[in-house]
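**Student:** Need coordinates for the below:
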Amino acid sequence: MRTIPSSELIINGDGSIFHLHLKPEQLADIVILVGDPARVAMIAEYFDSIECEVANREFKTVTGTYKGKRMTAMSTGIGIGNIDISVTELDALANVDFETRQEKENFRQLTLVRLGTSGAIQQDIEVGEVIFSRTSLGFDGLLSYYAGRDSVCDLALEEAFSEHTAWDKKLPAPYFVNAHDELFELFKDSTREGITIAAPGFYAPQGRWLRLAPHDLKLNEKIESFRFGERRITNFEMEGSALAGLAALMGHRAATICTIIAQRVAKDACTDYKPFVRRMIEMALDKLASL
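**Tutor:** Next up is the predicted model:
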């Protein structure tokens, strides 16, 4: 059995993992992931009890109980790179013995649900709606660095999308990964199903233009018009593809759920979106407590 070197699995002096500063016993099986550290505090307001609070950089974590169910709420900050760190270290906390630095014999499956904010890219999707990313579309290229990438991707969707958009080979190859089916069933009566793009940036990768123009000024129009049977791309965010892909490769259950706070087609945005986010959190907590 492989022993993971200290340069690959960095353990802090207090026995916590390098970036998250969490110890294995501080992690619940249900993990709610958010971008903003302040949103962790919002979630923790609903907890019946709080077991621990840990913070390092943008990674803030609270573990407690909600309606008797043990849960962890954790912020990841913004972007795909932070999801790579977060999901890999959460899996290590669950499935690597920190004493022997070897994979544990018995696999521990985590349920990882990201609650985020997003911009709609279809005219009929309104600000305040909640989208369940049945499929995440990665513009980031992260998953291609991992062995087994094709085994968790929808290659037919990938080929059709690349052909429809005349995808530039200088850009990272897009990839499509489905959310876990059990989580889709759990949330389908409270959300709208969609295909969600995870972009590696907020501006040009999502077609925004301040002073630097996007490489393809027509890309968002191509995205909006893409159809795969009756399916279409619904919204933009910045983390879901890495979460879906890494979790699928590792054997965890994962999903991304986003509140729409901007209408990209109508070129409108809502900055007072906290009531919408709070409503999403309440719904998600009740659903996850039923597992």
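**Student:** can you pull out the strands in the chain?
**Tutor:** Taking DSSP state E as the test, the strands found in the chain are 30-34, 49-56, 59-66, 69-75, 96-97, 102-103, 111-120, 130-138, 175-178, 192-198, 227-228, 231-237, 253-263, 268-269.
**Student:** and the helix or strand of the chain with the lowest mean pLDDT, how far from the chain's centre?
**Tutor:** For the chain, using mean pLDDT, DSSP states H and E, the weakest element among its helices and strands is strand 268-269, scoring a mean of 80. Put simply, strand 268-269 sits 23 Å off its chain's centre (Cα atoms, centre = their mean, to the nearest Å).
**Student:** before we move on, what about stretch 49-68?
**Tutor:** Taking Cα atoms, centre = their mean, one finds the center of stretch 49-68 at 18 Å from the center of the full chain.
**Student:** And for stretch 222-232?
**Tutor:** The chain centroid and the centroid of stretch 222-232 are separated by 22 Å, computed with Cα atoms, centre = their mean.
**Student:** Skipping its backbone neighbours, what lies nearest the residue most central in space within the chain in space?
**Tutor:** The C-alpha lying nearest the average C-alpha coordinate of the chain belongs to G240 (Cα atoms, centre = their mean; 3.3 Å). Closest residue to G240 apart from its sequence neighbours, by Cβ to Cβ, 6 or more residues apart in numbering: T256 at 3.5 Å. Every C-beta, even on glycine, is put in place using the N, C-alpha and C of the backbone.
**Student:** Contact partners for the residue nearest to M283 when sequence neighbours are not counted?
**Tutor:** Nearest non-adjacent residue to M283, counting by Cβ to Cβ, 6+ apart: S190, 5.2 Å away. Contact analysis of S190 by Cβ atoms under 8 Å, 6 or more residues apart in numbering lists V130, M283, K287.
**Student:** Distance to A198 added to those residues, as TSV?
**Tutor:** Written out in TSV, the entries for the contacts of S190 read as follows (distance: Cβ to Cβ, whole Å):
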residue	distance to A198
V130	17
M283	22
K287	22
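**Student:** Among those, which one is most surrounded by other residues?
**Tutor:** Using other Cβ atoms under 10 Å as the neighbour test, those are led by V130, with 20 neighbours.
**Student:** Quickly note the distance from the closest residue to it other than its chain neighbours to L183.
**Tutor:** When the adjacent residues along the chain are set aside, V130 lies closest to T191, with 4.8 Å between them (Cβ to Cβ, 6+ apart). Applying Cβ to Cβ, to the nearest Å, the value for T191 to L183 is 10 Å.
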